[in-house]
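*Asks:* Next comes the sequence, and after it the predicted model I'd like to discuss.
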Amino acid sequence: MHDATAPHAAHAAAPHTDNTAGFAPPEPASLQLGLIGNCGFSGLVDKRGRIVWCCMPRFDGDPVFNALLQPGDEASAFGIEIQDFARSEQWYEPNTAVLRTRLWDTAGNGLEITDLAPRFFARSRFFRPLTLVRRVRVLHGAPRVRVAMDLRYDWGRETPTITRGSNHVRYVGGDMTLRLNTDAPIAYVLAKTPFLLTRDLHFMLGADETLHDGIADTVRHFERETIAYWRKWSQRLAVPLEWQDAVIRAAITLKLSLYEETGAIVAAMTTSIPEAPGSQRNWDYRYCWLRDAFFVVRALNSLSEVGTMEDYLRYLGNVVIAAGGEHVQPLYGIGMEQQLPESFVEHLGGYRGMGPVRVGNQAQEHFQHDVYGNIVLGAAQAFHDHRLLHRAGEAEFAQLEKIGEQAIRVYGTPDAGMWELRTRARVHTSSALMSWAACDRLAKIATALSLPERADYWHGHARRMQAEIIEKSWNEERQAFAESFGGADLDASVLLMAEVGIIDPKDPRFVSTVEAMQASLCDGPYMRRYEAPDDFGKPETAFNICTFWLIDALARIGRKDEARSIFETMLAARNHLGMMSEDTHPDTQEMWGNFPQTYSMVGIINAAVRLSAPWDSAI
């Protein structure tokens, strides 16, 4: 894992204006980022406390700070910069989503930036305003700083009209107006004028509304209550004995991926971070994939955090009812939008200049038949868990049966598969597997609801599918279950056969499948998704969730020491704050793909829960 306290090399001073003299240029774009958020919106902060990505008014909105995808002077960002920068340190306040960044200059002067998005319970509801909060305090000496605030609208196309008051600045755009309330000198903020930091400064960027109290008091109140909320939330997690800090950070990150207003869970906070350098595999992940959301809910449920599931079930219920027993898309907008047309933002250079930058996702048009199983799996616990405020019953079961009928209809027919292949359709084993899972879980739900006839009906379909999947996906020559019926290529998604329970993991055929995949798909400990070339050629990077599936499979077949070793390698591949993106480069161990990736954070939780020594071994 990268060292948060390692000094950064000081950069040469920029000579062209007095305001930049002695101030280092921004850090190059990387995924060494911290996430702040409140289940309504989020921001990404680099190692020097520069907010380089923030979409408003929600996760899939306009990036008012876009420096992550726009190199050079045209970037929009919010930095608190120290003159003669020497080094930085960054960490989260333990068990919270409140981020601390310390900057030091070459003379030993230092400051601390606290970043958060307020979230706490007030007035019988969760208070989560559209507000970025920053507090800056002196640590030592009298550092000279400047506030580098560049805000843009319409994906960087629109420079806002700026109006100012005595203690605020308004950024007026065509579709949105944001207000920066601050007790910093407004003239210095607007001109980026360097000044000595001699007292605490406070910044609140959000809706164009007047503060009811003084900004210092408001910021302190928001910080105190937000820390208290996250600590209480974390305290209730049923964490494993080992790797507790990694699990808690992963759980908080997953919680921050919930759009609480509707219950949607986004796959990641970013768009267009390439899966590999210069690969063109740049996608927009700021939407709700029903597959990814199921894995998020399942991971949090394993920690006894069922509140996220209850929120997600609201969203899922609306999706199911709207579908009316017909086709369900693999993903929707976080407001349940069905149309997510894919387009390019031509004027943005992309991450490290590696375009294109995409908005929307064509996968919305796909037929991905595993979606029906993911819906049933995502909802299943609600029928069995007596802790829930709103347990599911016969009315919800009737709606879910319509999804099961659709799973039966599409079973054994070609689709794009869970990897969303754009030019190749097959009868994917993973899709058939999820049709089986839908029928299997519906049978168990019917049993729990004392509906024996329905239980027999669903058990019958599950038994038929199970026999056929085991027979038709098995490849005798490869001694492995293949990625499609009658196929020969290997695909990591087949490892889910053991996780969803269609086969005993000790079955020799599953064991040999794991061994075949290690030989074919792994670069050292890292696992790629599949071996066949796709629309863009052969994948270069390892897909993190596949490596976590391998860890789970190895543990299930009895190779726990090997699983632990690979897990430690994956923990070392996280960034300095304990977060992961979608992909890891097997040669450089650098993170690629959208960030932070819920799939990857799910993998951390699942592996820790699977591999940890039990609590009673220590206490």
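*Replies:* All right, it came through fine.

*Asks:* tell me the mean pLDDT for stretch 239-252?
*Replies:* The predicted model gives stretch 239-252 an average pLDDT of 98.

*Asks:* buried set for that stretch?
*Replies:* Buried residues in stretch 239-252, defined by neighbour count with 16 or more other Cβ atoms under 10 Å: 239-240, 242-243, 246-252. Yep, even glycine has a C-beta here, placed from its N, CA and C like the rest.

*Asks:* Which residue comes closest to residue 385 once chain neighbours are left out?
*Replies:* residue 306 (6.5 Å; Cβ to Cβ, 6 or more residues apart in numbering).

*Asks:* quick one: contacts for that neighbour?
*Replies:* Applying Cβ atoms under 8 Å, 6 or more residues apart in numbering to residue 306 gives the contacts 300, 381, 385, 387-388.

*Asks:* Then residue 122?
*Replies:* residue 225.

*Asks:* Repeat that for residue 268.
*Replies:* With Cβ under 8 Å, 6+ apart, residue 268 has these contacts: 257, 285-286, 581-582, 593-598.

*Asks:* Let's see the ChimeraX selection covering just the buried ones among the residues you listed.
*Replies:* Of the contacts of residue 268, the buried ones can be selected in ChimeraX as follows, counting by 16+ other Cβ under 10 Å:
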select :257,285,286,581,582,593,594,595,596,597,598
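
*Asks:* For the contacts of residue 306, pick the one with the most neighbours.
*Replies:* residue 300 (24 neighbours; other Cβ atoms under 10 Å).

*Asks:* How is it assigned, secondary-structure-wise?
*Replies:* Under the three-state scheme (DSSP: H, G, I helix; E, B strand; the rest coil), residue 300 adopts helix.

*Asks:* I'd say residue 152 and residue 67 touch.
*Replies:* No - Residue 152 is beyond contact range of residue 67, at 10.0 Å (criterion: Cβ atoms under 8 Å).

*Asks:* shared neighbours of the two, anything?
*Replies:* Counting by Cβ under 8 Å, 6+ apart, the residues touching both residue 152 and residue 67 are residue 76.

*Asks:* These two: which has the busier surroundings?
*Replies:* residue 67 (26 against 22).

*Asks:* That one: what's it in contact with?
*Replies:* 26, 29, 50, 52-53, 75-77.

*Asks:* can you do 10 Å?
*Replies:* 26-27, 29, 44, 46, 50-54, 74-79, 150, 156 (Cβ atoms under 10 Å, 6 or more residues apart in numbering).

*Asks:* Can you pull the phi and psi angles for residue 252?
*Replies:* Torsion angles at residue 252 (phi, psi; degrees, to the nearest 10) stand at phi -60, psi -40.

*Asks:* Please apply the same query to residue 336.
*Replies:* Dihedral angles (degrees, to the nearest 10) for residue 336: phi 70, psi 20.

*Asks:* Tell me the predicted confidence for it.
*Replies:* Reading off the model, residue 336 has pLDDT 97.

*Asks:* Now it. Nearest residue, chain neighbours left out?
*Replies:* When the adjacent residues along the chain are set aside, residue 336 lies closest to residue 318, with 5.9 Å between them (Cβ to Cβ, 6+ apart).

*Asks:* State the helix or strand in which the one you found lies.
*Replies:* helix 307-323 (DSSP states H and E).

*Asks:* Report the separation between residue 430 and residue 373.
*Replies:* 9 Å (Cβ to Cβ, to the nearest Å).

*Asks:* Mind checking which of the two has more residues around it?
*Replies:* The residue with more neighbours, out of residue 430 and residue 373, is residue 373; 30 against 26, by other Cβ under 10 Å.

*Asks:* which residues touch that one?
*Replies:* Contacts of residue 373 by Cβ under 10 Å, 6+ apart are 290-291, 294, 403-404, 407, 411, 430-441, 496, 500.

*Asks:* What of residue 602?
*Replies:* 250-251, 253-254, 292, 294-300, 302, 544-545, 548.

*Asks:* sorry, back to before: can I have the buried ones of the contacts of residue 373 as a PyMOL selection?
*Replies:* Selection of buried members from those for PyMOL, criterion 16+ other Cβ under 10 Å:
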select buried, resi 290+291+294+403+404+407+411+430+431+432+433+434+435+436+437+438+439+440+441+496+500
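
*Asks:* Which members of the contacts of residue 373 occur in helices, if any?
*Replies:* Counting by DSSP state H, the contacts of residue 373 place 290-291, 294, 403-404, 407, 430-441, 496, 500 in helices.

*Asks:* What is the helix or strand harbouring residue 457 packed up against?
*Replies:* Following DSSP H and E, one finds residue 457 within helix 452-473. Helix 452-473 makes packing contacts with helix 394-410, helix 429-448, strand 480-481, helix 496-500, helix 508-521 when contacts are defined by 3 or more Cβ pairs under 10 Å, 6 or more residues apart in numbering; DSSP states H and E.

*Asks:* want to throw the ones you listed into a markdown table with distance to residue 160 and mean pLDDT?
*Replies:* What follows is those, written out as a markdown table (distance: least, Cβ to Cβ, whole Å; pLDDT from 0 to 100):
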| stretch | distance to residue 160 | mean pLDDT |
| --- | --- | --- |
| helix 394-410 | 45 | 96 |
| helix 429-448 | 46 | 98 |
| strand 480-481 | 55 | 98 |
| helix 496-500 | 47 | 96 |
| helix 508-521 | 48 | 97 |
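
*Asks:* what would these look like in JSON lines with distance to residue 276?
*Replies:* Shown next, in JSON lines, are the helices and strands packed on helix 452-473 (distance: least, Cβ to Cβ, whole Å):
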{"stretch": "helix 394-410", "distance to residue 276": "32"}
{"stretch": "helix 429-448", "distance to residue 276": "22"}
{"stretch": "strand 480-481", "distance to residue 276": "26"}
{"stretch": "helix 496-500", "distance to residue 276": "24"}
{"stretch": "helix 508-521", "distance to residue 276": "16"}
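
*Asks:* taking those together, which one is wrapped up most tightly?
*Replies:* With neighbours taken as mean count of other Cβ atoms under 10 Å, those reach their highest mean count in strand 480-481, at a mean of 26.

*Asks:* Give me the residues contacting it.
*Replies:* For strand 480-481, using Cβ under 10 Å, 6+ apart, the contacting residues are 429, 433, 469-470, 472-475, 487-491, 494-495, 497, 503, 509-510, 512-517, 519-520.

*Asks:* hmm, try it at 6 Å
*Replies:* 473-474, 494, 513, 516 (Cβ atoms under 6 Å, 6 or more residues apart in numbering).

*Asks:* can you check stretch 349-368 too?
*Replies:* Residues contacting stretch 349-368 (Cβ under 6 Å, 6+ apart): 29, 69-71, 271-274, 278, 282, 284, 329-331, 340-345, 348, 415-416, 420.
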